[in-house]
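Engineer: Sequence first, predicted coordinates after that:
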Amino acid sequence: MPRTIPTACLALADGTLFYGRGFGATGVTTAELCFNTSMTGYQEIMTDPSYAGQVVTFTFPHVGNVGVNPEDDETADPVAEGMVVKWDPTEPSNWRAAEPLSDWLARRGRIAMGGVDTRRLTRAIRQQGAPHVALAHDPEGRFDIEALVAAARSFRGLVGLDLAKGVTCAQSYRWDEMRWAWPIGYARQETPRHRVVAVDYGAKRNILRCLASSGADVTVLPATATADDILALEPDGVFLSNGPGDPAATGEYAVPAIRGVLDRSEVPMFGICLGHQMLALALGAKTVKMNHGHHGANHPVKDLETGKVEITSMNHGFTVDSQTLPSDVRETHVSLFDGSNCGIRMDGRSVYSVQYHPEASPGPQDSYYLFERFAEAMDRRKTPA
Ligand SMILES: NC(=O)CC[C@H](N)C(=O)O
């Protein structure tokens, strides 16, 4: 049997090394490492802008086997820095596959590594918290281990980092594509009932589709939009998107804008993930870094107002500290994994947000009702009872 040499190396800042087989782009990247437990949707995960600054290790062992296609991107480029998987991807076998995962990653400059004991790696992340890592791919298998460990150590981490500015849109645009539906695929929203301004901190496309499907004519604004920019469009509702990085850092410019909208209008507001954290900060609460975060598609969340449990899609490494919520803001949802905050609502106003991803993509669609609730709040304002 020919001897095979490792062509990829993952170095953790504590000096732990994992060797495997590289695919995708070659070179070295540094990032925070997190694990995702979803069994499907690797293309959507890799293109979720909230993963900027992170390498994702997948706990599901078979990743890449259905290739990639033009429809499943959540943004134009992969924004996760790289990926680590148990098995090397096979040749894609799926009617939608347009390209093998490895070629797609290479074309877009993203490093990947297969052949890793991802259970051991996941245990390490759970025990020590999301580590800083250097991920290297060299087809000749030449690795300068000391330099890789030093690179992992010099990665400054996500705390204090505003990454939304790097992934937001350069200028505003309109969105009318709706959720994918059999057999028509992606139809356009031709009879919208509401004008929604969506602030883009790193929005996933499927969120914009869900807004369009629930009746919105969506105008997307860059993350740095001010209250004046938002209110000038005379919105029926304001949406705050997901996004990467430390909420406290993005909040420095996003919070005054949100505060301005809340103070100057009664417009319904809905936030998801980073948007949830932005709203919580604007209302006076605080956010903290979690040990290893929540990244997966099977997270049970309890709606405290109805008692119902929904299975949700999650991707966050920071959380709202529910102890810091002011008295006019109530906690509406909690994680049944660790009791952390998963939703808030302002008393007496249609201003609410959730920490998880109700648009899923990938994940279950239990939480789509939140988009309908937003649309109903906008309907109520137009025709008061
Ligand atoms: N998906 C998101 O919007 C993530 C929000 C934030 N960057 C966090 O990690 O908590």
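Structural biologist: Looks like it came in fine. Note that this is a predicted model, so its numbers are computed, not measured. Numbering: from 1, shown residues only.

Engineer: Please report the distance of the residue sitting nearest the centre point of the chain from the ligand.
Structural biologist: Centroid check for the chain by C-alpha atoms, centre = their mean gives residue 50 as the closest residue, at 3.6 Å. Plainly put, residue 50 is 3 Å away from the ligand if you go by C-beta to the nearest ligand atom, to the nearest Å. For every residue, glycine as well, the C-beta is placed using N, CA and C.

Engineer: got a list of what that residue touches?
Structural biologist: When contacts are counted by C-beta atoms under 8 Å, 6 or more residues apart in numbering, residue 50 touches 202, 204, 242, 243, 244, 273, 274, 315, 316.

Engineer: and if you look at residue 38?
Structural biologist: For residue 38, the contacting residues are 45, 58, 60, 295, 296, 297, 298, 313, 362, 363, by C-beta under 8 Å, 6+ apart.

Engineer: how about 7 Å then?
Structural biologist: 45, 60, 296, 297, 362, 363 (C-beta atoms under 7 Å, 6 or more residues apart in numbering).

Engineer: can you check residue 341 too?
Structural biologist: Residues near residue 341 by C-beta under 7 Å, 6+ apart: 319, 320, 322, 331, 334, 355.

Engineer: Can you pull the phi/psi pair for it?
Structural biologist: Residue 341 has phi and psi values of phi -70, psi 130 when expressed as degrees, to the nearest 10.

Engineer: among the contacts of residue 50, which two are most distant?
Structural biologist: Within the contacts of residue 50, 204 and 316 form the most distant pair, 13.2 Å apart (C-beta to C-beta).

Engineer: intersection of neighbour lists for those two?
Structural biologist: Residues touching both residue 204 and residue 316 (C-beta under 7 Å, 6+ apart): there are none.

Engineer: Quick check: which ranges of the stretch 251-385 of the chain have low pLDDT?
Structural biologist: Scanning the stretch 251-385 of the chain for pLDDT under 70 picks out 384-385.

Engineer: can you rerun that using 90?
Structural biologist: Within the stretch 251-385 of the chain, the stretches with pLDDT under 90 are 382-385.

Engineer: Enumerate the residues of it near the ligand.
Structural biologist: 273, 274, 315, 316, 317, 318 (C-beta under 6 Å from any ligand atom).

Engineer: Of these, keep whichever come out buried.
Structural biologist: By neighbour count, with 16 or more other C-beta atoms under 10 Å, those hold 273, 274, 315, 316, 317, 318 as buried.
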